[in-house]
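*Asks:* coordinates for the following, if possible.
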Amino acid sequence: MRVVPTRCLTCLGSAAACLLSTTTLLAQNRTPTTLAPASTPAHQIFDLSIFVAAITGGIFLVVGGLLAIALYRFRARTTDPAGEPAQIYGSTQIELAWTVIPILIVVVLFLTTARIIFAVQDAPKPKTALDVTVIGHQFWWEFRYPKFAIVTANELHIPVSSVSTPEATFLKLTSADVDHSFWIPQLAGKTDLIANRVNSTWMDPQRPGLYLGQCAQFCGSQHALMLLRVYVDTPDQFAAWIKNQQQPARQDPEATAGRSIFETQACMNCHTISGTAATGRFGPDLTHLMSRETLASGAMENTPANLREWIKSPDTFKRGALMPAMQLNDRQLDAVTAYLETLK
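*Replies:* Okay, the predicted model is just below:
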């Protein structure tokens, strides 16, 4: 019997997770792409990629054309004399050309790339900019809005920018564990999140809507399901979202049984729900859980049925997720799910 190496099984698992992630995104008809930039940094990166593609495409055509000419001109013919053909030895002019021209091309590409990098990194920060702190976890995202005292997870809300009311969002990025990478192709370039280090990026989206991305640095078995959702809101939508997120958790008298179970189980040690005894920091803040469209960092739609199954067995949906199965009976599962459904 042939034994499959553990490394192979890991690769197969990662490939399957990546396929599932791609299927999920395609089902939403919102596949992330760099070909439809919607903010200034993304436009600059797109323009650079077109410039590089034009140069490298020209190189391909020149080299391929010369190769085709050489193959045709010096092909074997039945009229060729026997023996080795006359040999042509080096040309100083040609050797200088194929040395100097590539060097010039590399210098041009280097300078152009450096200019874009510095233009993005050194962009002045407006006084009215929105500040967001992004913390990467295995395998979810934490978003903190210091100015508004808001903490949320996995779904980032930012305002749209327009000519009349320019808005910019500046992100500080770090990691709570391993290396991660924040990438929204239509809004900004890939930026790594590293423990004990703060990196930064910014974006000024010019069209409202939903923009998708994901962690772009392998961070463990569920890296492919560490998805990102950025909601670019109109000014009124963003103001309404901020107002709702600043409210404490709802206290529904009909959900007291579920709240009691939540606060007496290990749930409260990992999650925060404002206005309650739950102040854990290991897992996502659940104060307004039902205001989010997805669960498990975009892995599934946020419905009561999916929420119940996630509480029952997270590993079924995200193998390797750090949240353990809570071992609750059906009555407890129903009660906790009903309680979490009130957190809007």
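
*Asks:* how close does residue 323 get to residue 273?
*Replies:* Applying C-beta to C-beta, to the nearest Å, the value for residue 323 to residue 273 is 16 Å. In short, each C-beta sits where N, CA and C put it, glycine included.

*Asks:* neighbour count winner among these two?
*Replies:* Taking other C-beta atoms under 10 Å, residue 323 and residue 273 do not tie; residue 273 has more neighbours (25 against 20).

*Asks:* from what I can see the more buried one touches residue 249, true?
*Replies:* Yes: if you go by C-beta atoms under 8 Å, residue 273 and residue 249 touch, sitting 4.8 Å apart.

*Asks:* quick one: the strands in the stretch 1-150 of the chain?
*Replies:* All strands of the stretch 1-150 of the chain, identified by DSSP state E, counting those that start in this stretch, fall at 130-137, 140-145, 150-153.

*Asks:* and the second one, how far from the chain's centre?
*Replies:* Pointing back at strand 140-145 there. 13 Å (C-alpha atoms, centre = their mean, to the nearest Å).

*Asks:* can you show me the CA trace of that strand as CSV?
*Replies:* Extracted in CSV, the C-alpha atoms of strand 140-145 (Å, rounded to 0.1, in the frame of the first residue of the first chain):
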residue,chain,number,x,y,z
TRP,A,140,-10.3,36.2,10.2
TRP,A,141,-9.9,39.9,10.1
GLU,A,142,-10.4,42.4,12.9
PHE,A,143,-11.2,46.1,12.1
ARG,A,144,-10.9,48.9,14.6
TYR,A,145,-12.1,52.4,14.0
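
*Asks:* now for that strand, which elements pack on it?
*Replies:* Applying 3 or more C-beta pairs under 8 Å, 6 or more residues apart in numbering; DSSP states H and E, we find strand 140-145 packed against strand 130-137, strand 150-153, strand 155-159.

*Asks:* can you tell me which residues contact residue 250?
*Replies:* Residue 250 makes contact with 342, 343, 344, according to C-beta atoms under 8 Å, 6 or more residues apart in numbering.

*Asks:* include neighbour count when you put these into JSON lines, please.
*Replies:* What follows is these, written out as JSON lines (neighbours: other C-beta atoms under 10 Å):
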{"residue": "342", "neighbour count": "16"}
{"residue": "343", "neighbour count": "19"}
{"residue": "344", "neighbour count": "13"}
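
*Asks:* secondary structure, pLDDT and distance to residue 291 for the residues you listed - can I get that in JSON lines?
*Replies:* Output for the contacts of residue 250, formatted as JSON lines (DSSP: H, G, I helix; E, B strand; the rest coil; pLDDT from 0 to 100; distance: C-beta to C-beta, whole Å):
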{"residue": "342", "secondary structure": "coil", "pLDDT": "92", "distance to residue 291": "12"}
{"residue": "343", "secondary structure": "coil", "pLDDT": "92", "distance to residue 291": "8"}
{"residue": "344", "secondary structure": "coil", "pLDDT": "89", "distance to residue 291": "6"}
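
*Asks:* ok, longest helix in this structure?
*Replies:* helix 40-73 (DSSP state H).

*Asks:* and residue 73, how close does it get to residue 128?
*Replies:* The gap separating residue 73 from residue 128 is 65 Å, by C-beta to C-beta.

*Asks:* any idea which helix or strand carries residue 334?
*Replies:* According to DSSP states H and E, residue 334 maps onto helix 330-341.

*Asks:* so for that helix, what's the average pLDDT?
*Replies:* For helix 330-341, the mean pLDDT works out to 91.

*Asks:* would you mark the buried spots in it?
*Replies:* 332, 333, 335, 336, 337, 338, 339, 340, 341 (16 or more other C-beta atoms under 10 Å).

*Asks:* then stretch 264-280?
*Replies:* Applying a neighbour-count criterion of 16+ other C-beta under 10 Å, the buried positions in stretch 264-280 are 267, 268, 270, 271, 272, 273, 274, 276, 278, 280.

*Asks:* in this protein, which spans are helices?
*Replies:* 6-27, 40-73, 92-121, 235-245, 256-264, 267-270, 304-312, 314-317, 330-341.

*Asks:* and the third one, what does it pack against?
*Replies:* Think helix 92-121. Against helix 92-121 (3+ C-beta pairs under 8 Å, 6+ apart) you get helix 40-73.

*Asks:* can you spell out which helices and strands pack onto the helix it packs on?
*Replies:* Using 3+ C-beta pairs under 8 Å, 6+ apart: helix 40-73 touches helix 92-121, strand 199-203.

*Asks:* many thanks, I have nothing further to ask.
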